[in-house]
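[1] got a sequence here, can you build the structure:
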Amino acid sequence: MNYHLAVDIGASSGRHILGYVENGKLCLQEIYRFENNLKKQDGSLIWDIENLVKEVKNGIKKCAKINKIPQTVAIDTWGVDYCLLDKDKKEILPAFCYRDSRTAKIQSEFEKLLPQAELYKKTGIAKQNFNTIYQLFCDKKTGKLEKAEYFLMIPEYLSFKLTGEIKNEYTNASTTGLLNAKNKDWDFEIIEKIKLPKRIFKPLYKPGDKIGEFSAEFQKECGFNSTVVFAPSHDTAAAVAACPINENSIFISSGTWSLIGAEILEPVLSESAMAANFTNEGGIEYRFRFLKNIMGMWLLQNIRRNLDKRYTYDEMMNMARKSDYSKTIDVNAPDFVAPDNMIEAIKNYLGEKDLPIEDILACVYNSLALSYKNAVKELEKITGKTFNDIHIVGGGSSDKYLNSLCKSYTGKSVFTGLKEATATGNIVAQLIFSKECKDLSDARELILNTFEITGVK
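    Predicted coordinates:
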């Protein structure tokens, strides 16, 4: 049996999932799960990089314990965040979280150097204060880049810790705001204009390219060797790679964020796309994900945390169903990016201090569905085409109430069934690397033959 290990890490948790093909179907087995939490340090939000490395290695070691040794391993995570290394390949910490507020303070200064209209024409990346380009600009101002020799997005950094190899990958680089959308490489005119050190931006590799073998040190630690390859290392790129869509489909990758859009072959760099805050992110086989970022299950995750996790997500869903509260919020408002208390943030936004939890949950559900409706309208207007259906994938696709609201609000046919989309897309790249699938089209046929894709009633 040829095993392949997907290390799939989101902003709140990570999973190790083994994949293999048997009798023409893709089999998945979760073997390890861990929490990924933000830390506060000196007033900043940062990632616990040391713990991430430890947990990635712990999950790989589990393969030896269950005697299922993967031929290949690939890692995907959220986008935009990174770790810097010096010339000795030592970490220059901290590794900031994209939710940290530092980037908001430099926007006016940055805009004078490089206006958003000029930046969008080249990169096609929507304006988000947390974009990598703004984070690096902050690092330049604080002097953090002076000793930097290597710039690694989080999956690349974790792969480096397994192999000792330093390589950059295309799909995650496309989220930085530093990649030229047309030539699909670093835009050194942008890099020079904002005075970032060119030396830290190394050649880019594609999903399915080899990174290297486990280092001798890690082979000794885990007891075996595997080949580490690039997945679409941005988790949304991985999720969409697995999504059984066609040219008339919209996808929603539903997790901490709701990423809603369509798969296209050429970037859309128009003023209308920029005004609607749509982004052009790179995907497998150089396809583009023309999409909009919408604050997704982050809202419900935080509400549940504020309630000390005394309700399950299903219980929260049923509480929302029973409420007839109709007011909505702008789910992408800055108020909800990283509040100390999400429940209080929503109450303050609505101006209703005594709002029951059932009504708060109903507000979130309807606000998310409304944001999907608006994004679909914008997508159809910008592209000039009408889409027939919406495929919701990822962990959030298990929420039956949100799925039904999506259908009701958008008027589109809605399909679900691929909950582990990100890990599946990760494994797709490994199957293509190992020549068990010829290409993406072949892999999507395998996915259709494996998973039960059903329509929402």
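[2] buried sites along the helix or strand bottoming out on mean pLDDT in the chain?
    Averaged element by element with mean pLDDT, DSSP states H and E, the chain has its least confident helix or strand at strand 38-41 (a mean of 92). When neighbours are counted by 16 or more other C-beta atoms under 10 Å, the buried residues of strand 38-41 are found to be residue 38. Glycine gets a C-beta too; all of them are placed from N, C-alpha and C.
[3] shouldn't residue 383 be in contact with residue 288?
    No. The pair formed by residue 383 and residue 288 falls short of the contact definition of C-beta atoms under 8 Å, at 11.8 Å.
[4] compare the two (neighbour count), which wins?
    When neighbours are counted by other C-beta atoms under 10 Å, residue 288 comes out ahead of the other of residue 383 and residue 288, with 23 against 18.
[5] domain map for this protein?
    The chain is divided into the following domains under automatic domain parsing: 3-229, 239-457.
[6] average pLDDT across the shortest one?
    It stands for domain 239-457. Per-residue confidence for domain 239-457 averages out to 96 on the pLDDT scale.
[7] gap between that domain and the chain center?
    For domain 239-457, the gap between its own C-alpha mean and the chain's C-alpha mean amounts to 11 Å (C-alpha atoms, centre = their mean, to the nearest Å).
[8] elements contacting the longest helix anywhere in the chain?
    For the chain, the helix that runs over the most residues, judged by DSSP state H, is helix 357-383. In this structure, helix 357-383 packs against strand 249-254, strand 257-264, helix 271-275, strand 288-295, helix 298-306, helix 313-322, helix 342-350, helix 400-410, with contacts taken as 3 or more C-beta pairs under 8 Å, 6 or more residues apart in numbering; DSSP states H and E.
[9] give me whichever of the ones you listed is most buried.
    By mean neighbour count, with neighbours taken as mean count of other C-beta atoms under 10 Å, strand 249-254 ranks first of those at a mean of 26.
[10] strand partners (parallel or antiparallel) of that strand?
    When sheet partners are counted by DSSP bridges, strand 249-254 sits next to strand 257-264 (antiparallel), strand 389-393 (parallel).
[11] my read: residue 162 touches residue 215, true?
    Yes. Taking C-beta under 8 Å as the definition, residue 162 is a contact partner of residue 215 at 6.9 Å.
[12] among the two, which residue is more densely surrounded?
    Neighbour tally, residue 162 and residue 215, criterion other C-beta under 10 Å: the higher count belongs to residue 162, 25 against 17.
[13] now do the more buried one against residue 75, distance only.
    As for residue 162, its distance to residue 75 is 8 Å (criterion: C-beta to C-beta, to the nearest Å).
[14] shared neighbours of these two, anything?
    56, 228 (C-beta atoms under 8 Å, 6 or more residues apart in numbering).
[15] one step back: who touches both of residue 383 and residue 288?
    residue 264.
[16] ok so, going back, mind listing the strands the least confident helix or strand of the chain pairs with, and their directions?
    Here, using DSSP bridges, strand 38-41 pairs with strand 44-47 (antiparallel).
[17] so which bits of the helix or strand following the partner strand are buried?
    Proceeding C-terminally, strand 44-47 gives way to helix 49-65 as the next helix or strand, assigned by DSSP states H and E. Taking 16+ other C-beta under 10 Å as the basis for neighbour counts, the residues of helix 49-65 that come out buried are 49, 52-53, 55-57, 59-63.
[18] per-residue confidence averaged over helix 49-65?
    Confidence for helix 49-65, expressed as mean pLDDT, is 98.
[19] quick one: the next helix or strand after that helix to helix 49-65, angle?
    Remark: after helix 49-65, the chain's next helix or strand is strand 70-76, criterion DSSP H and E. Using axes from the mean of the first three to the mean of the last three C-alpha atoms, to 10 degrees, one finds that strand 70-76 and helix 49-65 are set 160 degrees apart in direction.
[20] neighbouring strands of strand 70-76 in the sheet, and parallel or not?
    Applying DSSP bridges to the sheet, strand 70-76 is found paired with strand 3-9 (parallel), strand 227-229 (parallel).
[21] possible to save these as a markdown table with mean pLDDT, mean neighbour count and distance to residue 105?
    Formatted as a markdown table, the strands paired with strand 70-76 follow (pLDDT from 0 to 100; neighbours: other C-beta atoms under 10 Å; distance: least, C-beta to C-beta, whole Å):
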| stretch | mean pLDDT | mean neighbour count | distance to residue 105 |
| --- | --- | --- | --- |
| strand 3-9 | 98 | 26 | 28 |
| strand 227-229 | 98 | 24 | 37 |
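[22] can I get those strands in CSV with distance to residue 402?
    As requested, the strands paired with strand 70-76 are arranged in CSV below (distance: least, C-beta to C-beta, whole Å):
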stretch, distance to residue 402
strand 3-9, 21
strand 227-229, 34
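[23] and of those strands, who's closest to residue 446?
    strand 3-9 (12.7 Å; C-beta to C-beta).
[24] and the strands paired with strand 249-254 as CSV, adding distance to residue 278?
    Conversion of the strands paired with strand 249-254 to CSV gives the following (distance: least, C-beta to C-beta, whole Å):
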stretch, distance to residue 278
strand 257-264, 7
strand 389-393, 16
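[25] what's the closest of those to residue 33?
    Proximity to residue 33 (C-beta to C-beta) singles out strand 389-393 among the strands paired with strand 249-254, at 19.1 Å.
[26] run through who's touching that closest one.
    So strand 389-393 is contacted by 239, 242-245, 248-254, 372, 376, 403, 406-407, 410, 412-416, 418-419, 421, 453 (C-beta under 8 Å, 6+ apart).
[27] for it, list the C-alpha coordinates in PDB.
    The C-alpha coordinates for strand 389-393 follow below in PDB (Å, rounded to 0.1, in the frame of the first residue of the first chain):
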ATOM      1  CA  ASP A 389     -24.200  25.900  -8.400                       C
ATOM      2  CA  ILE A 390     -22.100  26.300  -5.300                       C
ATOM      3  CA  HIS A 391     -19.900  23.600  -3.800                       C
ATOM      4  CA  ILE A 392     -19.300  24.000  -0.100                       C
ATOM      5  CA  VAL A 393     -16.200  22.100   1.200                       C
END
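[28] buried stuff in that strand?
    Along strand 389-393, the positions that meet the burial threshold by neighbour count (16+ other C-beta under 10 Å) are 389-393.
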